[in-house]
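Colleague: fold the stuff below for me.
(one chain, ligands or ions: 2)
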Amino acid sequence: MITTAAPAKLSHNEVIKDANPTLAGTIASTLADARADRFSEDDGQFLKFHGIYQQDDRDARKVAKHYMFMVRGRLPGGVVPASQYLVFDHLAEAYGNNTLRITSRQGFQFHGVVKSGLGKLMKGINDALSTTLAACGDVNRNVMAPSTPSTSPLVERVLEDARLLCRSLLPKTRAYHQIWVEGQELDLADKSEKDFVDPLYGKTYLPRKFKTAFAIPPLNDVDIFTNCLGFIAITENDALVGYNLTAGGGLGMSHGNSETFPRIADVVGFFSPEHIEAVAKAVLTIHRDWGDRTNRKHARLKYVLEDRGVEWFREEVARRIGFKLESARPFKFTKQGDLFGWHRQFDGNYFLGLYVETGRIKDTASCQLKSALRKIVEQFRTEVRLTPSQNLILANVSQESRDAITSILAGHGISVENQATVIRRASMACPALPTCGLALAESERVLPDILTRIEALLTELGVGDEEIIIRSTGCPNGCARPYMAEIGFVGKSPNKYQLYLGGNESSTRLNRLYKEIVKTEDIVTELRPLIGRYAQERLAGERFGDWCARMLWKENPPAQS
Ligand code: SRM
Ligand code: SF4
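Modeller: Ligands and ions are numbered 1, 2, ... in the order given. Okay, here's the model as predicted:
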């Protein structure tokens, strides 16, 4: 529906961006003020563009607000060279909570950073030639790309394009470098800074966040249809001939607001690789120019596509790039997820896929993953790759080093064979409590126990070997992409979740709301009759999500519109 009413008031974020296009705010002076334990609300918005979220420890709230920061790195395709990995490992220990959190978009997050350590952590990341600029905020964020290394040269080829876009869609403000690298305040009396307008984004950047990903069929590991902008590699004889453009995907929604909803991206058309930058900029500037700047809940690119339609969008892309896209070429996704254990790369080297529970690299009494990885990377200078399912890959390992790496892991309680059950390997949870300010319920801290109970149920009902993709989030924003899962738990209030059912293995279908409220303790009771029927009624090879779509959706029209 196209709104024709008189222009509504701009959102507060638009007003402050317009007044501070360098995104410097008063960050530098607050950073220098040792008495301040936090930044102002408006600076909190600018900090996001710098990859920083101001949070407080929600476990401690009853006593007092204990401010702390989450810092998110921007790592195209999730590739982390050995030298950077070692710096991140050290910085997490020195200034964070001694964990590294692999994100669902192949980034690293540092949690629990207090203000006195923030500057040092940021300097350390930049000194390692990495960055957090544009990891968050109303700009293009980390660009995702298939992380499984070099099963063919195509993976590296696509990664090159992901890196290119990550660079070319960066905002150009000097504030980030000045504050976090040079440790200085941006001189806002300087005319060029005062009149700063970003050459791509303009003065007010995008109306909302913008997400980009690349996928190589048949593997949809990046969940391509949940991105604002997507590129599906089209190949002939294993060589890249171009991309199908996808646009307008996104998952975030709000409880009780039917104008917000998850949306699968449209497939817009095909183009050859040399146009990648022009096409990306066309889509990004359509969001810049047409996105809703009055209502942040309606500001994502997906609503532009929904309201104006894909035909309009296709024309608008053509107008901006100067030619029409060809019709989309055929493609087929059949699977998602990661490969675990040792695998051979096309160049003769090996990679090791490692399961990381809820993406959290840490040491516990039974498993010292953080220490083991440090030792391996120190000794073998191994490249690390972060996957979109919050797991990790050690890449480019020589045949001779494999046994030594396997034995270091074993010495730290980690086996490279049968690393986790099928259910765990296919699961994801967002961080939620205690760090996320938007969490309505637990996620990362409770999913492992919920999975243990579901596994027992599956075994009891004779389907213990079946993989079911299960994802949980502490609120409806959808950070672990629960609306694409076969079973999705979405936090409603403490200890209560919406239950979504019916995603598929190739992650091309949204699931549907099955039950509005399920208490944590009732999850198994709720699933028992469904899994029981699935065990009886499934067709040969039919997955739980497909059975739900075939049987349940037919019987119970979806609770959501
Ligand atoms: Fe997210 C906000 C964590 C991927 C949709 N997300 C947040 C914040 C920053 C909370 C906040 O704004 O105060 C969370 C920080 C929690 C913490 O303590 O760490 C947060 N999001 C995450 C991560 C770490 C979840 C994870 O389990 O790994 C992911 C970081 C990815 C990265 O490296 O960039 C993460 N977030 C996603 C995804 C999945 C994806 O992009 O593939 C989505 C759904 C897709 C989409 O964008 O629609 C997602 N996050 C949101 C939203 C809803 C946006 C919307 O359109 O309504 C918010 C809230 C917001 O922006 O206002 C949000
Ligand atoms: Fe926080 Fe909600 Fe995202 Fe979970 S889904 S990290 S609770 S914003």
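Colleague: flag the shaky bits of the stretch 301-450 of the chain, pLDDT-wise.
Modeller: Across the stretch 301-450 of the chain, nothing is flagged by pLDDT under 70.
Colleague: got the residues of it near ligand 2?
Modeller: The stretch 301-450 of the chain comes close to ligand 2 at residues 430, 431, 432, 436, 438, 439, 443, as judged by CB under 6 Å from any ligand atom. Just so you know, the C-beta spots here come from the backbone N, C-alpha and C atoms, and that holds for glycine as well.
Colleague: as JSON lines, those with distance to ligand 1 would be great.
Modeller: JSON lines is the format used below for those (distance: CB to the nearest ligand atom, whole Å):
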{"residue": "430", "distance to ligand 1": "4"}
{"residue": "431", "distance to ligand 1": "4"}
{"residue": "432", "distance to ligand 1": "7"}
{"residue": "436", "distance to ligand 1": "4"}
{"residue": "438", "distance to ligand 1": "5"}
{"residue": "439", "distance to ligand 1": "8"}
{"residue": "443", "distance to ligand 1": "8"}
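Colleague: redo those as a markdown table? Include secondary structure, distance to residue 83 and neighbour count.
Modeller: A markdown table is the format used below for these (DSSP: H, G, I helix; E, B strand; the rest coil; distance: CB to CB, whole Å; neighbours: other CB atoms under 10 Å):
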| residue | secondary structure | distance to residue 83 | neighbour count |
| --- | --- | --- | --- |
| 430 | coil | 29 | 27 |
| 431 | coil | 27 | 24 |
| 432 | coil | 32 | 25 |
| 436 | coil | 30 | 22 |
| 438 | coil | 34 | 13 |
| 439 | coil | 34 | 22 |
| 443 | coil | 33 | 29 |
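Colleague: using JSON lines, lay out those together with distance to residue 161.
Modeller: As requested, these are arranged in JSON lines below (distance: CB to CB, whole Å):
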{"residue": "430", "distance to residue 161": "28"}
{"residue": "431", "distance to residue 161": "30"}
{"residue": "432", "distance to residue 161": "33"}
{"residue": "436", "distance to residue 161": "32"}
{"residue": "438", "distance to residue 161": "32"}
{"residue": "439", "distance to residue 161": "35"}
{"residue": "443", "distance to residue 161": "33"}
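Colleague: state the number of residues packed around residue 187.
Modeller: By the criterion of other CB atoms under 10 Å, residue 187 has 13 neighbours.
Colleague: verify the stated contact: it with residue 194.
Modeller: No: the pair residue 187 / residue 194 is not scored as a contact, 9.2 Å apart, by CB atoms under 8 Å.
Colleague: circling back: closest one of the residues of the stretch 301-450 of the chain next to ligand 2 to residue 529?
Modeller: Taking CB to CB as the measure, residue 443 is the one of these closest to residue 529, at 25.0 Å.
Colleague: tell me the contacts of that closest one?
Modeller: By CB atoms under 8 Å, 6 or more residues apart in numbering, residue 443 lies in contact with 429, 430, 431, 432, 433, 472, 473, 474, 480, 489, 491.
Colleague: let's go with 10 Å and repeat that
Modeller: Residues near residue 443 by CB atoms under 10 Å, 6 or more residues apart in numbering: 358, 428-433, 436, 450, 471-475, 479-480, 482, 489-491, 497.
Colleague: burial count for the residue nearest to residue 429 when sequence neighbours are not counted?
Modeller: Spatial nearest neighbour of residue 429, excluding adjacent residues (CB to CB, 6 or more residues apart in numbering): residue 447 at 4.0 Å. Neighbour count for residue 447, taken as other CB under 10 Å: 25.
Colleague: over to residue 201?
Modeller: By other CB under 10 Å, neighbour count at residue 201 equals 23.
Colleague: what of residue 34?
Modeller: The burial count for residue 34: 8, using other CB under 10 Å.
Colleague: now the closest residue to ligand 1 within the chain. Nearest residue, chain neighbours left out?
Modeller: The nearest approach of the chain to ligand 1 comes at residue 252, 2.2 Å away (CB to the nearest ligand atom). Nearest in space to residue 252, with sequence neighbours left out and distances taken as CB to CB, 6+ apart, is residue 477 at 4.7 Å.
Colleague: next, the contact list for that neighbour, please.
Modeller: Applying CB under 10 Å, 6+ apart, the residues contacting residue 477 are 251, 252, 253, 254, 260, 430, 436, 438, 439, 440, 490, 491.
Colleague: which phi and psi does the residue of the chain closest to ligand 1 have?
Modeller: phi -60, psi 140 (degrees, to the nearest 10).
Colleague: what about it, distance to ligand 2?
Modeller: As judged by CB to the nearest ligand atom, to the nearest Å, residue 252 and ligand 2 stand 8 Å apart.
Colleague: follow-up on the earlier one: was I right to think the residue nearest to residue 429 contacts residue 487?
Modeller: No: applying CB atoms under 10 Å as the test, residue 447 and residue 487 come out as separate, 11.2 Å apart.
Colleague: can you check which residues contact both of the two?
Modeller: Here residue 447 and residue 487 share the contacting residues 427, 454, 470, 471, 472, scored by CB under 10 Å, 6+ apart.
Colleague: from the residues you listed, which land in strands?
Modeller: Among the shared contacts of residue 447 and residue 487, the members found in strands (DSSP state E) are 470, 471, 472.
Colleague: the second one touches residue 483, doesn't it?
Modeller: Yes: taking CB under 10 Å as the definition, residue 471 is a contact partner of residue 483 at 8.6 Å.
Colleague: next, show the common contact partners of these two.
Modeller: By CB under 10 Å, 6+ apart, the residues touching both residue 471 and residue 483 are 490, 500, 503, 511.
Colleague: turn the contacts of residue 477 into JSON lines, including distance to residue 220.
Modeller: As requested, the contacts of residue 477 are exported to JSON lines (distance: CB to CB, whole Å):
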{"residue": "251", "distance to residue 220": "15"}
{"residue": "252", "distance to residue 220": "20"}
{"residue": "253", "distance to residue 220": "21"}
{"residue": "254", "distance to residue 220": "27"}
{"residue": "260", "distance to residue 220": "24"}
{"residue": "430", "distance to residue 220": "20"}
{"residue": "436", "distance to residue 220": "26"}
{"residue": "438", "distance to residue 220": "27"}
{"residue": "439", "distance to residue 220": "28"}
{"residue": "440", "distance to residue 220": "29"}
{"residue": "490", "distance to residue 220": "21"}
{"residue": "491", "distance to residue 220": "25"}
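Colleague: which single one of those is nearest to residue 31?
Modeller: Using CB to CB, the contacts of residue 477 come closest to residue 31 at residue 436, 23.2 Å.
Colleague: contact partners for the closest one?
Modeller: Applying CB under 10 Å, 6+ apart, the residues near residue 436 are 53, 55, 58, 70, 111, 430, 443-444, 473-475, 477, 479.
Colleague: top of those by neighbour count?
Modeller: residue 473 (34 neighbours).
Colleague: who's in contact with that one?
Modeller: 104, 251, 428-432, 436, 438-441, 443-444, 447, 479-483, 485, 488-491, 497-498.
Colleague: sort out for me which of those residues are in strands.
Modeller: Filtering the contacts of residue 473 for strands - DSSP E - leaves 428, 429, 488, 489, 490, 491, 497, 498.
Colleague: which entries within those residues meet the buried criterion?
Modeller: 428, 429, 488, 489, 490, 491, 497, 498 (16 or more other CB atoms under 10 Å).
Colleague: tell me how far the first one lies from residue 479.
Modeller: Spelled out, that is residue 428. 9 Å (CB to CB, to the nearest Å).
Colleague: CA atoms of the helix or strand harbouring residue 93 as PDB?
Modeller: Residue 93 belongs to helix 82-95 when assigned by DSSP states H and E. C-alpha atoms of helix 82-95 as PDB (Å, rounded to 0.1, in the frame of the first residue of the first chain):
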ATOM      1  CA  ALA A  82      45.700 -16.000  12.300                       C
ATOM      2  CA  SER A  83      47.400 -12.700  13.400                       C
ATOM      3  CA  GLN A  84      44.000 -11.100  13.900                       C
ATOM      4  CA  TYR A  85      42.500 -14.100  15.700                       C
ATOM      5  CA  LEU A  86      45.300 -14.000  18.300                       C
ATOM      6  CA  VAL A  87      44.700 -10.300  18.900                       C
ATOM      7  CA  PHE A  88      40.900 -10.800  19.300                       C
ATOM      8  CA  ASP A  89      41.600 -13.700  21.700                       C
ATOM      9  CA  HIS A  90      43.800 -11.500  23.800                       C
ATOM     10  CA  LEU A  91      41.500  -8.500  23.700                       C
ATOM     11  CA  ALA A  92      38.500 -10.600  24.800                       C
ATOM     12  CA  GLU A  93      40.500 -11.600  27.900                       C
ATOM     13  CA  ALA A  94      42.000  -8.200  28.600                       C
ATOM     14  CA  TYR A  95      38.900  -6.000  28.100                       C
END
